[in-house]
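Enquirer: Sequence and predicted structure, then a few things I'm wondering about:
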Amino acid sequence: MSDARCIEAVTETLRSIVDAGSSSVVPGGRAITLPPHDVAPSQDPRVNVFLYQAEIDGALRNTDPVNTAPGESGQPALPLVLHYLITPYAPDADDVLAHRLLGGALQALHSHPRLKPTDLADVAPYSDVNHQVESVRIAWQPLNDKDIYSLWSIFQAPYRISTAFEVRVVLIDSLVGGAAPLPVLNRGASGRGPVVGASVGYPELVGCTAPLGQPTALPGEVVTLHGTTLGASTVTVLFNHPALAERLRITPDSAAGTDITFTVPADAPAGFGTVAVLLDTPGLPQQRSNDLPFGISPRITSALPATVAASAGPADLTLTCVPTVRAGQKCSVIIGGVPVGGPPVTADTGSLTFTIPRHAAGSLPLRLRVDGADSRLIIDRTSRPPVLDPAQTLTVT
């Protein structure tokens, strides 16, 4: 989940890493970003970071957007693989100094096998590429003689010793909205498929149960994790979310060999993240389970049913919610089955304003979505049939 400035953000972050590496071995060394044929002679020691190709990652080309819930559809993100050429330039064509610059740049890149969200956020705060779920990894890209000859022939510049790296994967979100139909209330008594269980000999989470059969939990609710080999002297639940700088460490309410219950912290952000457990027993190595997808729902705290005067034209709808929406999180409201995106969230807030396009007068189900997690439209999913919350509606006048 990244905006159109993600390429710029990745290039600038890569340049900052190379800049630090070159200046560490050659005082005054710095990184630049120019086409090779535009690099003019200079008395400054420089390392050029040039993006010479961008291509599609075919493995992720048709992957559904991260925030698409089961039964919904959305335009896949554009998965990019960026190819960079790293070239040193030393004063007076001093190749030995150029080799030193290249070594410093390569050491810095080798020490950063991936661009961490904090790296991207610090160098390029104007882009939300740091919030994408997929890691942005840096890998060496070997070039054969033909590749090198072709590249420098196109540049029409004298050949310089160079190395190539690829950065994968950078996702650009589509501007085309998806469809979010109302949830299915009942699928029949025979709709459940086979259940298979296995023990793998190490801590493994296989499921997560929220109250009343809900797919996500609310802050303050008790959640049960199911798995195998979960017993230990000390058990810690780890919750990770793209909006968090570090994982939340939660002390469980109870822990047994197959089930762990914990209370969702009030400061946990809404949206989808992951949950894992950390097991400590004196005299034994520390163990960590696999990560399991885990969602926290926002709750609308403003008056419901809500009303908006949008029958004659666009109108603003303001909703308050808990937990607090963090800066950079994606928010939208879903009116019936139509998502309406909100403006970028630039600071932590509990109040969101959406511009509702013109709509026929009437009353429709209303959902607030934060990072893919919806406010609860169904009160109790264990009842048959499930019942929609009559208060969680929007009246268009």
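Expert: Great, that's in hand.
Enquirer: Identify each buried residue in stretch 244-256, please.
Expert: Going by neighbour count (16 or more other Cβ atoms under 10 Å), the buried part of stretch 244-256 is 247-248, 250, 252, 255. (C-beta placed from N, C-alpha, C; glycine too.)
Enquirer: now these in JSON lines, with secondary structure, pLDDT and distance to Asp128?
Expert: Shown next, in JSON lines, are those (DSSP: H, G, I helix; E, B strand; the rest coil; pLDDT from 0 to 100; distance: Cβ to Cβ, whole Å):
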{"residue": "Arg247", "secondary structure": "coil", "pLDDT": "92", "distance to Asp128": "20"}
{"residue": "Leu248", "secondary structure": "strand", "pLDDT": "94", "distance to Asp128": "21"}
{"residue": "Ile250", "secondary structure": "strand", "pLDDT": "96", "distance to Asp128": "27"}
{"residue": "Pro252", "secondary structure": "coil", "pLDDT": "95", "distance to Asp128": "33"}
{"residue": "Ala255", "secondary structure": "strand", "pLDDT": "91", "distance to Asp128": "36"}
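Enquirer: quick check: longest helix of the chain.
Expert: Taking DSSP state H as the criterion, the chain has its longest helix at helix 6-25.
Enquirer: helices and strands around that one, which ones?
Expert: strand 30-32, strand 46-56, strand 78-89, helix 95-110, strand 114-115, helix 117-123, strand 163-172 (3 or more Cβ pairs under 8 Å, 6 or more residues apart in numbering; DSSP states H and E).
Enquirer: For the one helix or strand in the chain whose mean pLDDT sits lowest, what is the distance to the chain centroid?
Expert: Scoring the helices and strands of the chain by mean pLDDT, DSSP states H and E places strand 387-388 at the bottom, with a mean of 83. In terms of Cα atoms, centre = their mean, to the nearest Å, the centre of strand 387-388 is found 31 Å from the chain centre.
Enquirer: Which neighbours in the sheet does the following helix or strand past that strand have, and how are they oriented?
Expert: Counting by DSSP states H and E, the next helix or strand C-terminal to strand 387-388 is strand 393-396. For strand 393-396, the paired strands and their directions (DSSP bridges) read strand 306-308 (parallel), strand 362-370 (antiparallel).
Enquirer: What count of nearby residues applies to Gly227?
Expert: By other Cβ atoms under 10 Å, the residues close to Gly227 number 21.
Enquirer: and if you look at Asp316?
Expert: A total of 11 residues lie near Asp316 under the criterion other Cβ under 10 Å.
Enquirer: Would you mind measuring from His131 to Gly273?
Expert: 12 Å (Cβ to Cβ, to the nearest Å).
Enquirer: same thing with Asp374?
Expert: Asp374 is 15 Å from Gly273, where distance means Cβ to Cβ.
Enquirer: Thr63 now?
Expert: 19 Å.
Enquirer: Neighbour count for these two, which is higher?
Expert: Shown here are Thr63 and Gly273; by other Cβ under 10 Å, Gly273 has more neighbours (23 against 14).
Enquirer: Partner strands of the least confident helix or strand of the chain and their direction?
Expert: With DSSP bridges as the test, strand 387-388 pairs up with strand 378-380 (antiparallel).
Enquirer: Which parts of the strand it pairs with count as buried, going by neighbours?
Expert: By neighbour count with 16+ other Cβ under 10 Å, strand 378-380 contains the buried residues Ile378.
Enquirer: Next: stretch 142-155.
Expert: 151-152, 155.
Enquirer: go on, stretch 62-80?
Expert: Buried residues in stretch 62-80, counted by 16+ other Cβ under 10 Å: 65-69, 72, 74, 77-80.
Enquirer: Low-confidence bits of the stretch 101-250 of the chain, can you list those?
Expert: When residues are selected by pLDDT under 70, those of the stretch 101-250 of the chain lie in 186-201.
Enquirer: can you give me the strands for it?
Expert: Applying DSSP state E, counting those that start in this stretch to the stretch 101-250 of the chain gives strands spanning 114-115, 136-140, 163-172, 204-209, 222-228, 234-240, 248-250.
Enquirer: what's the domain layout of this protein?
Expert: 6-172, 204-296, 299-396 (automatic domain parsing).
Enquirer: Check the separation of the first and last residues in the second one.
Expert: The first and final residues of domain 204-296 sit 21 Å from each other (Cα to Cα, to the nearest Å).
Enquirer: Can you give the distance of it from its chain's centre?
Expert: Centre-to-centre, domain 204-296 and its host chain are 20 Å apart (Cα atoms, centre = their mean).
Enquirer: do stretch 358-370 as well
Expert: In terms of Cα atoms, centre = their mean, the centre of stretch 358-370 is set 27 Å apart from its chain centre.
Enquirer: How much space separates the residue sitting furthest away from the middle of the chain from Arg326?
Expert: Largest separation from the mean C-alpha position in the chain: Asp92, at 45.5 Å (Cα atoms, centre = their mean). To Arg326, Asp92 is 51 Å away according to Cβ to Cβ.
Enquirer: for Asp259, same thing?
Expert: Distance from Asp259 to Arg326, by Cβ to Cβ: 30 Å.
Enquirer: more crowded one of these two?
Expert: Set Asp259 next to Arg326 and count neighbours by other Cβ under 10 Å: Arg326 wins out with 20 against 15.
Enquirer: That one - nearest residue in space that isn't next to it in sequence?
Expert: Nearest residue to Arg326, sequence neighbours excluded (Cβ to Cβ, 6 or more residues apart in numbering): Ala243, at 4.0 Å.
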